[in-house]
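>>> Just need the structure, nothing else, for what follows:
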Amino acid sequence: MNKFLTSSIGRKIVMSLTGFFLIIFLIVHLSINLSLFWGPNAFNEASEFMATNGVIQVMQYILAAGFILHIIQGISLELKNRSARSIKYVVNKPSENSTFASRNMIYTGILVLLFLILHLWDFFVQLKFVGIGNLTDYELVTNRFSSPLFTAIYVIAFVLLGIHLSHGFQSAFQSTGANYNKYKKCLKYTGIAFSILIAVGFSAIALYFSFIN
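Sure, this is the predicted structure:
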């Protein structure tokens, strides 16, 4: 088992499985955040449910472990692939043989990771460990978007995440080999649609509350 997990195929499968898990998390997270548009009561109730549900409390640590594993495996695979290339990009003409997203997965991934650290500090740590005083969860979130700098960073981060997902979505299916060639075109456009949904969905929330604050 250890030999399989350290092989290129094993690492790609682990990347795919953790990637699927993170895709599901993004869908759930966006659904919760969209309740901000329905007002304080809707979002506070959704936030309370997430904070008190036992299954979700366990899953948040599994998610953290999966995200860390996804990053480690992604960096490891990228470095291994780069060291294995005997012909330089100049000869291969990467712009003609691959997409911008696929060539820059490691960079968009690292930038999203840096944003995640900031995001966890601003929300998760404040809510769970520091405390937010008399503020409600709704007020904590919407007040953060009163800062143009924070909003700009937030939007840029989710645009980068969208770029990362535009390749990562279809790559996850390709690595599992689940009839990928048969559904390649469908998965490609589904991945693009999903990446746009995530980028636009989260960015729209930030921009909306930034303008009304």
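>>> do you know how far the residue nearest to Leu69 when sequence neighbours are not counted is from Leu161?
The spatial neighbour of Leu69 that comes closest, neighbours along the chain excluded (CB to CB, 6 or more residues apart in numbering), is Thr18 at 5.5 Å. Glycine gets a C-beta too; all of them are placed from N, C-alpha and C. Separation of Thr18 from Leu161 (CB to CB, to the nearest Å): 15 Å.
>>> go on, Lys185?
Distance of Lys185 to Leu161, computed by CB to CB: 23 Å.
>>> returning to what we had before: now do the one helix or strand the residue nearest to Leu69 maps to: distance to the chain's middle.
Using DSSP states H and E, Thr18 sits within helix 8-34. Helix 8-34 sits 8 Å away from the centroid of its parent chain (CA atoms, centre = their mean, to the nearest Å).
>>> if you count what's nearby, which of Lys185 and Leu161 comes out ahead?
Taking neighbours as other CB atoms under 10 Å, Lys185 and Leu161 compare with Leu161 leading, 23 against 10.
>>> Pull out the buried residues from the top helix by length along the chain.
As assigned by DSSP state H, the longest helix anywhere in the chain is helix 54-84. Burial within helix 54-84, assessed by neighbour count using 16 or more other CB atoms under 10 Å, is assigned to Leu63, Gly66, Phe67, His70, Ile71, Gln73, Gly74, Leu77.
>>> Can you check the pLDDT for the last one?
Right, Leu77. According to the prediction, Leu77 has pLDDT 74.
>>> any idea how far the nearest residue to it once chain neighbours are set aside is from Lys80?
Closest residue to Leu77 apart from its sequence neighbours, by CB to CB, 6+ apart: Arg11 at 5.4 Å. Arg11 sits 8 Å away from Lys80, going by CB to CB.
>>> Check Ser102 too.
Relative to Lys80, Ser102 is positioned 16 Å away (CB to CB).
>>> what's the answer for Gly168, then?
For Gly168, the distance to Lys80 equals 18 Å [CB to CB].
>>> cool, Val130 as well?
To Lys80, Val130 is 40 Å away according to CB to CB.
>>> quick revisit: quick one: the residue nearest to Leu77 from Trp38, how far?
To Trp38, Arg11 is 42 Å away according to CB to CB.
>>> Just want to know which of these two has more residues nearby.
Per other CB under 10 Å, whichever of Arg11 and Trp38 has more neighbours is Arg11, with 19 against 11.
>>> contacting residues around Ile32?
Phe43, Ala46, Ser47, Met50 (CB atoms under 8 Å, 6 or more residues apart in numbering).
>>> ok, residues contacting the helix or strand encompassing the first one?
Secondary structure here is read from DSSP H and E; on that basis Phe43 sits in helix 40-52. Contacts to helix 40-52, defined as CB under 8 Å, 6+ apart, come from residues Ile32, Ser35, Leu36, Ile56, Gln57, Leu127, Lys128, Thr136, Asp137, Tyr138, Glu139, Val141.
>>> Could you give the number of residues near the nearest residue to the fourth one once chain neighbours are set aside?
Which is Ile56. Distances taken as CB to CB, 6+ apart place Met50 nearest to Ile56, at 5.5 Å, with adjacent residues excluded. Using other CB under 10 Å, Met50 has 16 other residues around it.
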